[in-house]
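Undergrad: turn this into a structure:
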Amino acid sequence: MEIVDKITDVAAAPQGDMMSTLIFIGAMFAIVYFMMIMPNRKRMKEYRAMLEKLTVGSKILMAGGIYGVVRKIDDKDLEVEIAKGVIVKIPRSAVANIE
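TA: Numbering: from 1, shown residues only. Below you'll find the predicted structure:
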């Protein structure tokens with residue numbers, strides 16, 4: 001009888017360990033989600049809203065650190081005047097900030 005009790009005790013032990021491991025993995029996933037994924041989603045939502053506010057004449061800062069004024073807006077691109085008479089075409093994603 002003792003052998004059967006020991007076998008059932010050994011067989012039952014990993015399930016308790018497995019449950020705590022699953023809880024630990026779930027808790028780690030929740031921490032990563034709330035600390036990394038949610039703030040990044042919020043930041044991207046704010047960035048998209050900023051890009052929607054772009055209008056002709058907006059003063060912008062490009063990702064490369066160059067300031068300019070939006071002269072033309074296409075679906076995916078902008079034409080930006082960076083100096084008098086110098087107009088460059090950039091993707092919308094190159095806009096870092098609107099002044």
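
Undergrad: hey, let's count contacts and neighbours off CA atoms from now on
TA: Will do.

Undergrad: now the helices for this protein?
TA: 2-32, 38-52 (DSSP state H).

Undergrad: rank the ones you listed by mean pLDDT and give me the bottom one.
TA: Comparing these by mean pLDDT, the weakest confidence falls on helix 2-32, with a mean of 73.

Undergrad: from Pro91, how far off is Ala83?
TA: Distance of Ala83 to Pro91, given as Cα to Cα, to the nearest Å: 18 Å.

Undergrad: what residue spans form the domains of this protein?
TA: Domain ranges of the chain: 1-52, 55-99, per automatic domain parsing.

Undergrad: out of those, indicate the one that is most buried.
TA: Across these, averaging neighbours per residue (mean count of other Cα atoms under 10 Å) puts domain 55-99 on top, at a mean of 15.

Undergrad: quick check: end-to-end length of that domain?
TA: From start residue to end residue, domain 55-99 stretches across 12 Å - Cα to Cα.

Undergrad: avg pLDDT for it?
TA: 93.

Undergrad: export stretch 25-41 to PDB, keeping only CA atoms.
TA: Taking Å, rounded to 0.1, in the frame of the first residue of the first chain, the C-alpha atoms of stretch 25-41 are listed here in PDB:
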ATOM      1  CA  ILE A  25       3.500  32.600 -17.300                       C
ATOM      2  CA  GLY A  26       0.000  34.200 -17.400                       C
ATOM      3  CA  ALA A  27       1.100  36.900 -14.900                       C
ATOM      4  CA  MET A  28       4.300  37.600 -16.900                       C
ATOM      5  CA  PHE A  29       2.300  38.000 -20.000                       C
ATOM      6  CA  ALA A  30      -0.100  40.400 -18.300                       C
ATOM      7  CA  ILE A  31       2.800  42.400 -17.000                       C
ATOM      8  CA  VAL A  32       4.400  42.600 -20.400                       C
ATOM      9  CA  TYR A  33       1.000  43.500 -22.000                       C
ATOM     10  CA  PHE A  34       0.300  46.300 -19.500                       C
ATOM     11  CA  MET A  35       3.900  47.700 -19.400                       C
ATOM     12  CA  MET A  36       4.800  47.500 -23.100                       C
ATOM     13  CA  ILE A  37       2.000  46.800 -25.500                       C
ATOM     14  CA  MET A  38      -0.700  49.100 -24.200                       C
ATOM     15  CA  PRO A  39       1.500  52.200 -23.900                       C
ATOM     16  CA  ASN A  40       2.800  51.600 -27.400                       C
ATOM     17  CA  ARG A  41      -0.700  51.300 -28.800                       C
END
